[in-house]
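Asker: dropping a prediction and its sequence here:
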Amino acid sequence: MANQYPGLSRLVGVFLCLLPICLRYVSGSAFVGFNYGTQLSVAPLAEQVVNLLKIQQITHLRLYDANSSMLRALAGTGIQVVVTVPNNQLLSIGQSNSAAFNWVKNNVIAYIPNTNITGICVGTEVFTAYPNAAPVLVNAMNAVHSALVASQLDSQIKVSTSHSTGIIFDSFPPSQAFFNKSLDTVLEPMLNFLSKTSSYFMLNVYTYDIYQANRGTILLDYALLNPLTSSQIVVDSNTLLQYTNLFDAVLDSAFFAMARLNYTNISVVVAETGWPSKGDTSDTDATADNAATYNSNLIKHIMNTTGTPKFPRTAVNTFILELFNEDARIGSTTIKNYGLFNSSNLMPVYLLPLTGSGPLLANDTTNQLYCVSKPGIDDDELQIALDWVCGPGQADCTSIQPGKLCYEPDTIEAHASYAFNSYFQKNRNYLDSCNFNGVATITTTNPSYGGCIYSARNTSLAINSSTTFANSSFAGNGSSSSAAISNKSNLTYLYVLVTFVSCILVISVTPKF
């Protein structure tokens with residue numbers, strides 16, 4: 001039966017969509033984002049990367065530069081972006097306010113407000129990777145911040161810089177930790193800057209490297225955030241705080257190190273952390289299983305706002321290293337294999353089972369893809385898409401006919417899901433063949449039930465350089481399936497026009513209450 005109050009249904013739908021977001025901010029929950037490195041032998045288009053982010057419901061992204069193609073592609077998505085001033089530009093920015101203003105103008109202001117830039121990382125591990133620029137680091141941060149103030153963007157965009165754990169000495173037990181004293185002349189004014197601007201201390205936590213350097217001392221389960229027995233829990237003898245994983249111990253060492261310099265009000269954002277899925281012969285624990293375990297446990301740990309033993313129930317926002325395997329990166333095999341996805345086909349590197357992660361990667365990252373109805377979509381909208389898919393779309397809808405295996409439950413949402421998936425599988429699993437004007441979504445959770453089996457493929461998603469991701473016609477296909485769409489597009493537009501006119505006629509004769 002048609003909904004007599006479609007406006008109310010849409011309003012309720014909007015409310016239900018916004019409710020998780022409201023609750024998230026009320027509860028102060030942490031986020032998990034991803035780093036996007038671009039040292040790739042095969043690089044996907046920026047639009048394809050953004051589409052992947054949306055499919056996986058990734059809401060936070062950190063760039064190692066201010067790539068214009070990515071910033072343009074991110075416009076209108078709401079995805080929160082941290083851009084980075086590369087190390088090789090620090091000297092000029094740190095020595096010239098005009099250079100800093102021009103950088104902000106060209107790489108931030110040019111994309112605001114369409115692109116949701118929320119942070120600027122001024123340099124990466126400067127003290128250890130680019131020490132020549134260390135003396136001007138705080139000047140560079142101040143100059144960038146001043147440019148934001150001049151543009152009234154300082155409340156929206158925070159300025160910080162990322163650090164290696166190598167600057168923290170005597171890190172266990174955490175309560176004994178302190179910063180390399182030779183850096184105090186820079187660190188103290190930097191911490192003062194972070195405190196005054198309500199910014200955060202960015203720390204790169206390479207748990208695998210710490211574990212690898214201390215094999216035989218650190219348990220693998222402790223490094224992977226796996227459950228421990230009571231005898232395996234590590235106790236800080238000074239504070240009696242109990243540590244069940246290495247990640248928390250590293251974070252607390254940073255908190256204690258800052259406290260030694262009398263800074264206790266600065267939060268920590270983990271700028272990079274992860275686990276490699278592959279390594280050299282000596283990297284026996286760099287495996288896909290361990291990478292999946294670490295990232296799954298970490299995401300649950302962060303999203304539950306577990307906090308650390310020193311600061312329990314405190315949000316620790318974290319960026320995972322990384323979105324793609326950077327196979328062209330110079331260095332060891334491990335550093336090239338931190339990615340969750342392959343850049344050549346946008347498919348997962350390994351299975352990542354997740355529980356307790358909220359909407360982030362809620363579909364897990366498997367290699368079987370399905371297309372189903374989005375929850376909360378109005379039945380009228382689903383019906384229009386369903387009619388198109390089973391008509392001009394030429395999907396196989398036999399199984400949702402009365403008496404067939406997928407007829408029950410007899411709901412528009414269930415029938416639409418089956419039909420959408422049928423069309424999606426038939427069109428070679430192109431990412432953009434699951435859209436239908438925004439009423440469908442890709443999932444890796446098998447929606448099959450009883451004798452109703454949804455087909456799926458273990459094949460790579462096709463990448464087509466000319467694919468467009470705008471909502472055009474129902475499926476949204478670009479030239480990736482041009483032969484099929486060229487024969488259907490005129491029918492599609494005609495069908496939409498006829499449907500629209502029919503709706504107008506129905507409305508015109510419907511009694512108003």
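Answerer: Received the coordinates, thanks.
Asker: going forward, measure contacts and count neighbours with C-alpha atoms only.
Answerer: OK.
Asker: where exactly do the strands run in this structure?
Answerer: 32-36, 60-63, 80-85, 117-124, 158-164, 168-169, 178-179, 200-205, 234-235, 242-243, 267-273, 318-320, 370-373, 440-443 (DSSP state E).
Asker: could I get these in a markdown table, plus columns for distance to residue 99?
Answerer: A markdown table is the format used below for the strands of the chain (distance: least, C-alpha to C-alpha, whole Å):
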| stretch | distance to residue 99 |
| --- | --- |
| strand 32-36 | 25 |
| strand 60-63 | 20 |
| strand 80-85 | 12 |
| strand 117-124 | 13 |
| strand 158-164 | 16 |
| strand 168-169 | 32 |
| strand 178-179 | 31 |
| strand 200-205 | 24 |
| strand 234-235 | 48 |
| strand 242-243 | 45 |
| strand 267-273 | 25 |
| strand 318-320 | 28 |
| strand 370-373 | 48 |
| strand 440-443 | 44 |
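Asker: residue ranges with poor pLDDT in the chain?
Answerer: By pLDDT under 70, the low-scoring segments of the chain are 1-28, 353-367, 428-432, 457-513.
Asker: and residue 342, which of the strands of the chain is closest to it?
Answerer: With C-alpha to C-alpha as the measure, strand 32-36 is the member of those nearest residue 342 (12.1 Å).
Asker: list the helices and strands that closest one packs on?
Answerer: Judged by 3 or more C-alpha pairs under 8 Å, 6 or more residues apart in numbering; DSSP states H and E, the packing partners of strand 32-36 are strand 60-63, helix 288-303, strand 318-320.
Asker: kindly recompute the last result at 7 Å.
Answerer: strand 60-63, strand 318-320 (3 or more C-alpha pairs under 7 Å, 6 or more residues apart in numbering; DSSP states H and E).
Asker: ok, the last one: who's next to it in the sheet?
Answerer: Yep, that's strand 318-320 we're talking about. Under the criterion DSSP bridges, strand 318-320 sits next to strand 32-36 (parallel), strand 267-273 (parallel) in its sheet.
Asker: any idea what the residue nearest to residue 348 when sequence neighbours are not counted is bridged to?
Answerer: Spatial nearest neighbour of residue 348, chain neighbours left out: residue 341 (4.2 Å); criterion: C-alpha to C-alpha, 6 or more residues apart in numbering. Residue 341 has these beta-bridge partners by DSSP bridges: residue 324, residue 348.
Asker: which of the helices and strands packed on strand 32-36 is buried the deepest?
Answerer: strand 318-320 (a mean of 26; mean count of other C-alpha atoms under 10 Å).
Asker: okay if I get the strands paired with strand 318-320 as CSV plus distance to residue 325?
Answerer: Listed next are the strands paired with strand 318-320 as CSV, based on distance: least, C-alpha to C-alpha, whole Å:
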stretch, distance to residue 325
strand 32-36, 10
strand 267-273, 14
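Asker: returning to that earlier point: which one of the strands of the chain lies nearest to residue 333?
Answerer: Taking those one by one with C-alpha to C-alpha, strand 267-273 is closest: 16.5 Å.
Asker: by how many degrees do that closest one and strand 117-124 diverge?
Answerer: Relative orientation of strand 267-273 and strand 117-124, computed by axes from the mean of the first three to the mean of the last three C-alpha atoms, to 10 degrees: 70 degrees.
Asker: pull the residues that contact strand 267-273.
Answerer: Contacts with strand 267-273, where a contact means C-alpha atoms under 7 Å, 6 or more residues apart in numbering, come from 162, 200-207, 316-321.
Asker: got a list of what the residue nearest to residue 348 touches?
Answerer: 323, 324, 325, 347, 348, 349 are the contacts of residue 341 under C-alpha under 7 Å, 6+ apart.
Asker: try it again at 6 Å.
Answerer: Neighbouring residues of residue 341 by C-alpha atoms under 6 Å, 6 or more residues apart in numbering: 324, 347, 348, 349.
Asker: any chance of the residues you listed in CSV, with neighbour count and distance to residue 261 too?
Answerer: Below are these laid out as CSV (neighbours: other C-alpha atoms under 10 Å; distance: C-alpha to C-alpha, whole Å):
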residue, neighbour count, distance to residue 261
324, 28, 37
347, 21, 45
348, 19, 43
349, 22, 42
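Asker: any chance of those in a markdown table with distance to residue 95 as columns?
Answerer: Below are the contacts of residue 341 laid out as a markdown table (distance: C-alpha to C-alpha, whole Å):
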| residue | distance to residue 95 |
| --- | --- |
| 324 | 35 |
| 347 | 44 |
| 348 | 43 |
| 349 | 43 |
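Asker: closest one of those to residue 220?
Answerer: Using C-alpha to C-alpha, residue 349 is the member of these that lies nearest residue 220, at 21.6 Å.
Asker: hmm, the closest one is touching residue 338, no?
Answerer: No: using C-alpha atoms under 6 Å, residue 349 is not in contact with residue 338; the gap is 9.5 Å.
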